Structure formats: C-alpha cells, structure tokens
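> Predicted model, plus sequence, below.
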Amino acid sequence: MTARRTFHRLAAGLVAAAALASLAGPATAQAAAPAFDGPLRVVVGYAPGGATDRVARIVADRLTVRLGVPVVVDNKAGAGGRLAAQQLKNAPAGQNVVMVANPAVMVVAPLVFKDNGYDPERDFQPISNVNNYEFGLAVGAAVPVKQLTHLLAWMKANPEKANVGVPATGSLPHFFALMLGQKAHVKTEVVGYRGSAGVLTDLIGGQIPIAVDTFDGLLPQYESGKLRILAMSGTKRSPFAPDVPTFKEAGLDLSAMGWNAFFAPASMPRDKVDRLAREIREVMQEPDTQRKFTDAKMLPVVSTRAETEAMVKAFRAQWAPIIQTSGYQP
C-alpha cells in the first residue's frame, strides 16, 4: 500500500513538472536562444564623428545588448548620404542591415536630384525616429542687433547686405533660411559654405552678418559669447539655451525641426522591422540613453513605427513646397 501511494505521488509529481515545463519551456527557450537571427549592420551615410554618426553609435551599443548579436555601425560616406541610401535599397532580403538617415537623404535629395537612385517611400520602411533638432538664426557679437524684429527690419532696408550664411547649399539650413524669408517677406541671399566651421568663422569675423545652422552647431560659439542666437525654430525653448526665444516668441510665426531616424530596406520582413522598432523604442526610454543624447546637446525622441511614418510624411508636406519653389539646382 505504501509503495502504491509512493508511486502515485511520484507520478503526480512528474505530471506537474511536465506541465510546468510546458508552460515555462517557450520562455526559457526564447531567453536562451539568440534574440536576433544574426549580426545587424547600421549604415550611416556620413563620416564618423558627425551628429548622425553619434546617434547611430549610441543606439547601436544598446541594441547589441538587447538583440544579443553584434550591432555594427558602417560609415558609407559619399554624395551627401545618398550613396548609403542606394546601397540600402539594394540590400538582399536576408541581410540584416538598416540605416540612420536625416531629411537631407529622405526628403531633400529626392526633390532636387533628377536621378536620385532611390525612392524614399517605395524603397524604405521607417523604423523609429530617435532624435529631433532645431535651427537657429545667429549674428556675430559685433552686430548691434539684439532682437529678431530689428534684424528683419534691417534686412528689408538693406537687401544688398542681407547675406545669410549656411553650412551647405541644398541643406536644411539653406531651405530654412528661404522659409524664413518667405514668412517674413524678406529677400534672403543664401551663401553656402563647406560645413559649419566655415560659416561660423566668417560670421564671427564679420564677413557675413547672419547665419542659419542647426541649433546644436551654434551652441558652442554662443556659449563662448562669440555670436548671438536671436531665435530658434522649435515650438518651445531649448533646454540647452533656455534664454533663446523661439521664432514665435520673437515675433515671427515660424517653426521647423530636423531629425535622425532608422530605416529598413523594403525587402526586410515586416516582423523583423516591427521587432527592431520595439527594441529601439525601449532603448530610447532608457535613462542612460537619454543622458547620452542630452550630453551631446541632442534631443532624444521615443517614437513608435506608426508615429515615425506619420512624422516623415508631415515633414515632406511641410518642406516640399519650399524646396521645389526655391529653384535650387545641385
């Protein structure tokens, strides 16, 4: 009798253990298995050290941990980021590769180049926006103007002198300067440079009176007192320079933002894109990730895939008329 009871107890224990194993098994197997099906390559269309490159590396470091596979940033500089986009478009369906791109690649280039080599809506899938950035309007410290309204009045009175320096022709600062001119009914003569260093040197030295650049690009010289930022393009003041008013606060109803977002090739399976979107969203919610962005004077963004897609569409609708009517030819 005792042996029979012992047998029944043992059998019951085995059944219970099997039931628990069946419940825990998939989760245990999922935890033990690699979180992704192979290494992930993150393509950046610019040289190392720039804003887009820094964004990619901050996120890639955390994705390596979350996905359980190596996530490597691959800099494919050339043609203003278009070379990387062309390579991503042609990536085989089984290749784990994505790209971090900004509006210059996804919005501006397709509107100004006749043979761009890719269609941003047809050839790519938005994954996740990870940071936004604003633009600033600056004057040299020696320029006596201290308010935007005074500067606009001076530009109207002196159109032949109202040259606006930008870090590159065909860049977002270039088209933002044109947007500013349209909104303020002021003719703006845009002078393109080869990067921010050149335009800031001439602004500080007095060779040009005005410059438009990304807000984070202007901040170091602003903090050192070598230039004044009269207004910034966000809808609210920047935490990095809270004393600088928005354009609306300064008297002109104007706002605009740039961004860096992750994109996948159209060939990547939907479930894989969705997985990456979820993981990147989780990464962007981590306090340490947000700290790294703010330390670099960048605004982190937590975004879903649907929100990213809507953001890109809205951005095209806002900027396309400015770019198309500008007459800009690369």
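Sure, I can see it.
> all helices for the chain, in order.
Ranges of helices in the chain, per DSSP state H, are 2-32, 51-67, 82-89, 103, 109-112, 120-123, 148-157, 172-184, 196-205, 215-223, 247-250, 270-285, 287-295, 305-325.
> The last one versus helix 172-184: what angle between them?
Right, the one you point to is helix 305-325. On the basis of axes from the mean of the first three to the mean of the last three Cα atoms, to 10 degrees, helix 305-325 is oriented at 70 degrees to helix 172-184.
> quick one: contacts of helix 305-325?
When contacts are defined by Cβ atoms under 8 Å, 6 or more residues apart in numbering, helix 305-325 is touched by residues 103, 106-108, 111-112, 120, 126-129, 172, 175, 178-179, 182, 256, 259, 261, 273-274, 277, 303. From N, CA and C alone the C-beta is placed, and that goes for glycine too.
> returning to what we had before: which one of the helices of the chain has the poorest average confidence?
Of all the helices of the chain, mean pLDDT reaches its minimum on helix 2-32 (a mean of 41).
> and the closest residue to A84 other than its chain neighbours, what is it in contact with?
Spatially, and ignoring its direct neighbours in sequence, A84 is nearest to G45 (3.3 Å; Cβ to Cβ, 6 or more residues apart in numbering). Neighbour list for G45: 52, 76-85, 99, 101, 105 [criterion: Cβ under 8 Å, 6+ apart].
> one step back: now, of the contacts of helix 305-325, which are buried?
Among these, those classed as buried by 16 or more other Cβ atoms under 10 Å are 103, 106-108, 111-112, 120, 126-129, 172, 175, 178-179, 182, 256, 259, 261, 273, 277, 303.
> so N102 sits right up against G258, yeah?
Yes: contact criterion Cβ atoms under 8 Å: N102 and G258 qualify, at 6.2 Å.
> what's the overlap in contacts for those two?
With Cβ under 8 Å, 6+ apart as the test, N102 and G258 both reach L172.
> At the geometric centre of the chain, which residue sits there?
Centroid-nearest residue in the chain, with Cα atoms, centre = their mean: N260, separated by 1.1 Å.
> separation between the closest residue to it other than its chain neighbours and P300?
Excluding the flanking residues, the one nearest N260 by Cβ to Cβ, 6+ apart is V55, at 4.5 Å. Look at V55 and P300: by Cβ to Cβ, to the nearest Å, they are 9 Å apart.
> Over to A109?
25 Å.
> Over to G140?
Applying Cβ to Cβ to G140 and P300 gives a distance of 31 Å.
> try L254
24 Å.
> G165 too?
From G165 to P300 the distance is 29 Å (Cβ to Cβ).
> ok, now V42?
Distance of V42 to P300, computed by Cβ to Cβ: 17 Å.
> give the contact list for the closest residue to G38 other than its chain neighbours.
The shortest distance from G38 to any non-neighbouring residue, by Cβ to Cβ, 6+ apart, is to N96 (5.2 Å). For N96, the contact set (Cβ under 8 Å, 6+ apart) comprises F36, D37, G38, P39, L40, R41, K272.
> again, but for P167
P173, G192, Y193, R194, G195, S196, G198, V199, D213, G217.
> State the pLDDT value of it.
The per-residue pLDDT of P167 was computed as 92.
> Quick check: phi and psi on it?
In terms of degrees, to the nearest 10, the main-chain angles of P167 are phi -70, psi -20.
> State the distance from it to V55.
18 Å.
> Over to R316?
Where V55 is concerned, R316 sits at a distance of 21 Å (Cβ to Cβ).
> which of the two has more neighbours?
More crowded of R316 and V55, by other Cβ atoms under 10 Å: V55, with 27 against 18.
> Which residues are in contact with that one?
So, once contact is read as Cβ under 8 Å, 6+ apart, V55 ends up touching V100, V130, N131, N260, F293, M298.
> Is the third one bridged to anything, and to what?
Beta bridges link N131 to N260, P300, judged by DSSP bridges.
> who are the neighbours in contact with A51?
Contact analysis of A51 by Cβ under 8 Å, 6+ apart lists Y133, T214, D216, N260, A296, M298.
> make that D216, sorry
Contact partners of D216, counting by Cβ under 8 Å, 6+ apart, are A51, Y133, F240, A296, K297, M298.
> Closest to M155 out of these?
Nearest to M155 out of the contacts of D216 is Y133 (Cβ to Cβ; 24.7 Å).
> State the distance from that closest one to A306.
Distance from Y133 to A306, by Cβ to Cβ: 22 Å.
> Compare these two and say which is more crowded by neighbours.
Shown here are Y133 and A306; by other Cβ under 10 Å, Y133 has more neighbours (22 against 10).
> State the distance from that one to P287.
From Y133 to P287 the distance is 21 Å (Cβ to Cβ).
> And Q221, by the same measure?
Q221 is 30 Å from P287, by Cβ to Cβ.
> neighbour-wise, which of these two wins?
Higher neighbour count among Q221 and P287: Q221, with 22 against 7, using other Cβ under 10 Å.
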